[in-house]
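**Q** Quick one, fold the following:
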Amino acid sequence: MHKKRVFSGVQPTGNLHLGNYLGAIKNFVDLQNKFECVYCIVDLHAITNRQDPQELKSNILETVASFIASGLNSEKNIIFNQASVAAHSELAWIFNCVARIGWMNRMTQFKEKAGVNKENASVGLLVYPNLMAADILLYKATHVPVGEDQKQHLELTRDIAKKFNNDFKCTDYFPIVEPLIPKEISRVMSLRNGKKKMSKSEDSDQSRINLKDDKDVIDQKIKKAKTDAAPIPSEINGLKNRDEAANLLSIYASINNVSMEKVLKEFGGKNFSTFKSKLSESLIESICPIGNEIRKLIKDKKYLNEILINGSKKADLIAKNNLKEIYDIIGLTKFS
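**A** I've put the predicted structure just below:
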């Protein structure tokens, strides 16, 4: 029986937004009271796209600040950056030799990120799902919080675990990871286009609520958020083909920890100007204190570095012990 342990990783994109918070970090805070949790800033994943070196270093610290400002406890959880634990890369290579090329070719996110010119995409972008599997299985994590767009990667992790256990006749060495899927929809879409995921890469800052936005900016962005002329429906089926409306209502449900049914019961029949005022109030109440704390924390680089150093030591201890077992299983030896 494997010890219950959660693993999740966040890319150090810098200037995290509402989608990062509702889609991941808010859930991390809830999970820390139920599981042993390992939260990794996945800087090795980030370099599948070229990064500015100084900006990458800065973004790692800002991500740590965002974790702590949102309520993660650095004593209770293991918080570290991926590059500090070499075993991630070592296990990823082993999984490159376990996973099949056909599995990689079926990964939809590679097709989306590589675009039409996939011959010029990096090899790292193609095989990064194997690194993702290594991230999770290196700690023998039993649970991973996932959104809709990450389910395929978790299935790959399960396939790699099963194949490794079968190939090397070590039944149940790696746990078959279970997904933790939030009850309410937490995939936050652009404020300008309800079909596109909220993202830092979108040109218009009006498309997203940044965690460091002040109350006036949040209020202004919600007022300008795209909706439609129809009133808010009283039932979920009334949101069919109303992507922008559904997105704002979903944000309200998530930020207030209530069901979509309850939101529609409260606002059904009302217009969006009334609803947007309430949504702004909820976002300002939840997000502004986090933004204020982020701004305070990023000035204390020594404190943030200490969190990463301490977290990396804890992670490295688990990783080295497990990697030694894995090396023994497959017949690799370190003569040192």
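**Q** residues of stretch 167-177 that come out buried?
**A** Of the residues in stretch 167-177, 173-175, 177 count as buried by neighbour count, 16 or more other C-beta atoms under 10 Å. In this view, the C-beta of every residue, glycine as well, is placed from N, C-alpha and C.
**Q** Helix or strand for the closest residue to C40 other than its chain neighbours, just tell me which one.
**A** Distance criterion C-beta to C-beta, 6 or more residues apart in numbering; nearest residue to C40, sequence neighbours excluded, is G9 at 4.4 Å. Element membership for G9 (DSSP states H and E) is strand 5-10.
**Q** Only C-alpha atoms, please: export that strand in CSV.
**A** Extracted C-alpha coordinates of strand 5-10, given in CSV (Å, rounded to 0.1, in the frame of the first residue of the first chain):
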residue,chain,number,x,y,z
ARG,A,5,0.8,11.7,-1.6
VAL,A,6,-0.2,14.5,-4.0
PHE,A,7,2.2,15.9,-6.7
SER,A,8,1.5,18.8,-8.9
GLY,A,9,3.7,21.2,-11.0
VAL,A,10,3.3,24.8,-12.1
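**Q** and whichever helix or strand comes after it, average pLDDT?
**A** Tracing the chain past strand 5-10, the next element assigned as helix or strand by DSSP H and E is helix 18-20. Summarised as a single mean, pLDDT over helix 18-20 is 94.
**Q** residues near the residue nearest to C40, how many?
**A** By other C-beta atoms under 10 Å, 21 other residues sit near G9.
**Q** Residue ranges in the stretch 201-336 of the chain under the pLDDT threshold?
**A** Scanning the stretch 201-336 of the chain with the threshold set as pLDDT under 70 gives no residue ranges.
**Q** can you give me the helices for it?
**A** 215-224, 243-256, 260-267, 272-297, 301-330 (DSSP state H, counting those that start in this stretch).
**Q** Domain parsing of this protein, as residue ranges.
**A** 5-186+301-330, 205-296 (automatic domain parsing).
**Q** sorry, back to before: can you give me the mean pLDDT across the strand holding G9?
**A** In the prediction, strand 5-10 has an average pLDDT of 96.
**Q** which outside residues touch that strand?
**A** 20, 24-25, 28, 31, 35-42, 45, 63, 82, 132, 135-136, 139-145, 180 (C-beta atoms under 8 Å, 6 or more residues apart in numbering).
**Q** Please narrow those residues to those residing in strands.
**A** Among these, the members falling in strands (DSSP state E) are 36-41, 143-145, 180.
**Q** Pick out whichever of those residues sits closest to A230.
**A** P145 (34.0 Å; C-beta to C-beta).
**Q** Quick one: neighbours of the closest one, just the number.
**A** 22.
**Q** Looking at the helices of the stretch 201-336 of the chain, spot the one closest to K57.
**A** Taking those one by one with C-beta to C-beta, helix 301-330 is closest: 10.1 Å.
**Q** Could I get the buried residue list for the closest one?
**A** 304, 307-308, 311-312, 315-316, 318-319, 322-323, 326, 329.
**Q** go on, stretch 23-32?
**A** 23-29, 31-32.
**Q** and the two most separated of the buried residues of stretch 167-177?
**A** Y173 and V177 (13.1 Å).
**Q** Kindly export the helix or strand harbouring E112 (C-alpha atoms) in PDB.
**A** Taking DSSP H and E as the criterion, the element that holds E112 is helix 108-114. Provided in PDB are the C-alpha atoms of helix 108-114 (Å, rounded to 0.1, in the frame of the first residue of the first chain):
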ATOM      1  CA  THR A 108      -2.800  16.300 -28.400                       C
ATOM      2  CA  GLN A 109      -1.000  19.100 -26.500                       C
ATOM      3  CA  PHE A 110       2.200  18.500 -28.600                       C
ATOM      4  CA  LYS A 111       0.100  19.000 -31.800                       C
ATOM      5  CA  GLU A 112      -1.400  22.200 -30.400                       C
ATOM      6  CA  LYS A 113       1.900  23.700 -29.200                       C
ATOM      7  CA  ALA A 114       4.000  22.600 -32.200                       C
END
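**Q** and it, average pLDDT?
**A** 75.
**Q** which strands and helices sit next to it?
**A** helix 123-137, helix 151-167 (3 or more C-beta pairs under 8 Å, 6 or more residues apart in numbering; DSSP states H and E).
**Q** Rebuild the buried residues of helix 301-330 as TSV, extending it with distance to D243.
**A** As requested, those are exported to TSV (distance: C-beta to C-beta, whole Å):
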residue	distance to D243
L304	38
I307	38
L308	39
G311	39
S312	41
A315	39
D316	44
I318	42
A319	42
N322	43
L323	45
I326	45
I329	48
